[in-house]
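> sequence and computational prediction follow.
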Amino acid sequence: MNVIQAKEKRPPRPRPIINDDTDFFWNGLKAGKLLIQKCTGCQVLRHPSSPMCPECHSLDWGTIEATGKGVIYSFVIMHHPELPPFDYPNPIGLIELEEGVRIVGGLTGIKPEEIKIGIPVQAEITKFDDDLTLAMFRPVSNKGGN
């Protein structure tokens, strides 16, 4: 997966809460990987991560690297309140990855009025600054765009 450097200098984006259960995910993004937690007991994938498997109650887990390919499962387009680090309107998608888990991420490279449920997307690992790297999602075939 390619890592993209955000171009504009803006006020910093809000930071995620990082703890022992999510550290692998954020460090994976910094390394250019979209990592998903996997139970080593029953092999179930889960996102968001948690210390215990909801299926078999195992505390043992590892990770897999997701392809970043998925489809828009649901979305919202934020208009207000406008916060300085973001462009508005600000489309946010719930993406169903081909691995079967869903992940929330910003949508990029598509006009808000063109967003539809079921559109294929690909993750772009985007570095906003030295401390913040996020997965953004871009349509696979961009017919509109920003």
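Good, I have the coordinates. Numbers count the residues shown, from 1 in each chain.
> make it CA atoms for all contacts and neighbour counts henceforth
Will do.
> next secondary structure after the helix or strand of the chain with the lowest mean pLDDT?
Between all helices and strands in the chain, the lowest mean by mean pLDDT, DSSP states H and E belongs to strand 3-5, at a mean of 69. Next along the chain after strand 3-5, taking DSSP states H and E as the criterion, comes helix 23-30.
> can you give me the angle the helix or strand following that next one makes with helix 23-30?
Sequence-wise, the next helix or strand downstream of helix 23-30 (DSSP H and E) is strand 35-39. Here strand 35-39 runs at an angle of 150 degrees relative to helix 23-30 (axes from the mean of the first three to the mean of the last three C-alpha atoms, to 10 degrees).
> gap between whatever helix or strand comes next after strand 35-39 and the chain center?
Next helix or strand after strand 35-39 toward the C-terminus (DSSP H and E): strand 45-46. Here strand 45-46 is found 14 Å from its chain centre; the criterion is C-alpha atoms, centre = their mean, to the nearest Å.
> what about strand 45-46, average pLDDT?
Mean pLDDT, strand 45-46: 97.
> can you list the strands that it pairs with?
Strand 45-46 sits in its sheet next to strand 35-39 (antiparallel), going by DSSP bridges.
> quick one: contacts of the partner strand?
24-25, 28-29, 44-47, 49, 53, 58-66 (C-alpha atoms under 8 Å, 6 or more residues apart in numbering).
> if we go to 6 Å?
F25, G28, V44, L45, R46, S49, W61, G62, T63, I64, E65, A66 (C-alpha atoms under 6 Å, 6 or more residues apart in numbering).
> need those in TSV with neighbour count, can you?
Listed next are the contacts of strand 35-39 as TSV, based on neighbours: other C-alpha atoms under 10 Å:
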residue	neighbour count
F25	20
G28	17
V44	16
L45	20
R46	19
S49	17
W61	19
G62	14
T63	17
I64	13
E65	12
A66	19
